[in-house]
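Trainee: Have a look at this prediction, sequence included:
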Amino acid sequence: MEVYRQDDGQLPFLRESVDPDRFLKGPPPTGIWIVFTEPMFFEKRSRLRESMTTQWNYPAMLWHKSYNESNGYAGSARHEGAIVVDTSWFHFLIKQLKPRGLPTKTWYYYVYEWYEMSFYIYTIPNGATVMFCMDTPPQFEKELLHTLNTRNKLVPEHKLAFLQSTVLGQLLKMYDHSVWTIRDVVRDLEKERDLSGATRQKHLDFAQMHDLARHIIHTCEIIAVACDNITELLAGHGVDNGRRCQCLPNTTDTGKVACSHNDMASSLGLLRNLGRRAEALNARLRNEINLGFNLVVQHDSASMKTIAVVTLAFLPATFVSTVFSMSFFSMSFNDDNGKEEWNVSNKFWIYWVLAVPLTILTLLCWTYGQRAGGLEVMPNFRTRQGKA
């Protein structure tokens, strides 16, 4: 567990050496604290889970397996008592393909990684504020602290919304990277074919393409859930459904002010746009799969057509030979030398006179039928085009 502290709005956040058991016995009196925990930190320590529930108002239901394995959740609460405490909890998932998303020699399908991050904010108005970041990757920790330490102004009054907005800003970067990595993979698939589709046909791999589709479907799902989470967080501040932000002064001015609530709303809008891009990528991949399938069917159809034409070429000659039911070749003994010899009938020309014209006539009839069918389609196409 890593803990960072900021006192009286003074930058930067400094790392504190703390004992987890002592730190979780009760909230500190002042300051802003950020706690990063490694994966399974609380799951392995039942005593610390109990401290979080009793001393930090952490909802006990969040320890349940159904919440840990969910694709996201969010909520907020105010605890009235001797001390008023505001709390907020939210859980986000991100699926990240490896750079370029290309399969490796050791693993046939696309290599990916899940980020399952949970956050809990505990704040006392005019008192301490503590944010727990659970199961976050190291890069997230580094960039979050960098963002907080490079601010050119102090932490605003609404610390809960400020921390929520800051976390969402970092998550938005991760979602953006996830979607654009998938976009690069889909674009590479599109560029592998030329206009005729001939190049693409040689190395189609439907198993890999469907594996990529599975990742895109997951991404669409978790982005949609993330949008719902942010909407729920905004509702906790009373600024959803068009209601005015509480940071806006009580005037007739309808403009927006620069505050954390509006930053969260902006993140929500951008995340929705990323969701639409993910849906578009899913449609583009389906288009490539359909094209690939049609190319394979077209190739198989051409092969069958070749076999049919070859069969058709031999059919007339076979028919003539059957009709005449005669042998043009025979074995006989030569009276002069007593040897067996192979003889060809002097009527063999009759076979060629009938077989060759019939073969040519059959192929001409087939060719004419193909062209006539194409000519019938063109007037109908032009008629439909004119009506359109």
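Mentor: Arrived safely. In this text, all values refer to a predicted model and were calculated from it rather than measured experimentally. Numbers count the residues shown, from 1 in each chain.

Trainee: In three-state terms, label the residue of the chain positioned farthest from its centre for me.
Mentor: Going by C-alpha atoms, centre = their mean, the residue of the chain most distant from its centre is Asp336, 87.4 Å out. Of the three states, Asp336 takes coil according to DSSP: H, G, I helix; E, B strand; the rest coil.

Trainee: mind checking how far it is from Glu80?
Mentor: 129 Å (C-beta to C-beta, to the nearest Å). (Glycine included, C-beta is placed from N, CA and C.)

Trainee: again, but for Ser267
Mentor: Distance from Ser267 to Glu80, by C-beta to C-beta: 30 Å.

Trainee: per-residue pLDDT, Glu99?
Mentor: Let me fix one detail, which is that residue 99 is Pro and not Glu. Note on Pro99: pLDDT of 66.

Trainee: How about Met131?
Mentor: Residue-level pLDDT assigned to Met131 equals 95.

Trainee: And the one 10 residues further on, by the same measure?
Mentor: The predicted local distance difference test score for Glu141 is 94.

Trainee: Pretty sure it sits in a helix.
Mentor: Yes - under three-state DSSP, Glu141 falls within a helix.

Trainee: burial count for it?
Mentor: 16 (other C-beta atoms under 10 Å).

Trainee: With adjacent residues omitted, what lies nearest to it?
Mentor: Phe36 (5.1 Å; C-beta to C-beta, 6 or more residues apart in numbering).

Trainee: which residue packs closest to Ile223, ignoring adjacent ones?
Mentor: Gly275 (4.1 Å).

Trainee: if I look at that neighbour, how far off is Ile121?
Mentor: 25 Å.

Trainee: Please enumerate residues in contact with stretch 158-171?
Mentor: With C-beta atoms under 8 Å, 6 or more residues apart in numbering as the test, stretch 158-171 has contacts from 32, 76, 86, 88, 90, 92, 94, 117, 119, 121, 123, 129, 131, 133, 140, 143-144, 147-148, 155-156, 226, 230, 233, 237, 246-247, 259-261, 263-264, 267.

Trainee: again, only this time at 6 Å
Mentor: For stretch 158-171, contacts defined as C-beta atoms under 6 Å, 6 or more residues apart in numbering pick out 86, 88, 92, 119, 121, 123, 129, 131, 140, 143-144, 155-156, 233, 237, 260-261, 263-264, 267.

Trainee: Among those residues, name the buried ones.
Mentor: 86, 88, 92, 119, 121, 123, 129, 131, 140, 144, 155, 233, 237, 260-261, 263-264, 267 (16 or more other C-beta atoms under 10 Å).

Trainee: Strands - which of those land there?
Mentor: 86, 88, 92, 119, 121, 123, 129, 131 (DSSP state E).

Trainee: so the last one makes contact with Ile34?
Mentor: So the one you mean is Met131. Yes - counting by C-beta atoms under 6 Å, Ile34 is a contact partner of Met131 at 5.2 Å.

Trainee: re the thing from before, partners of the residue nearest to Glu141 in the sheet?
Mentor: With DSSP bridges applied, Phe36 shows beta-bridge pairing to Glu2, Cys133.

Trainee: Relative to Pro357, how far out is it?
Mentor: 89 Å.

Trainee: do Lys191 as well
Mentor: From Lys191 across to Pro357, the span is 51 Å (C-beta to C-beta).

Trainee: before we move on, what about Lys44?
Mentor: Distance, Lys44 to Pro357, by C-beta to C-beta: 89 Å.

Trainee: Also Val111?
Mentor: 64 Å.

Trainee: ok, those two, which is more surrounded?
Mentor: In this view Val111 and Pro357 are compared by other C-beta under 10 Å, and Val111 has more residues nearby, 14 against 11.

Trainee: Low-confidence ranges, the stretch 151-300 of the chain, go.
Mentor: Counting by pLDDT under 70, the low-confidence segments of the stretch 151-300 of the chain come to 152-155, 193-203, 239-258.

Trainee: all helices in it, in order from the N-terminus.
Mentor: 159-191, 198-201, 206-236, 260-324 (DSSP state H, counting those that start in this stretch).
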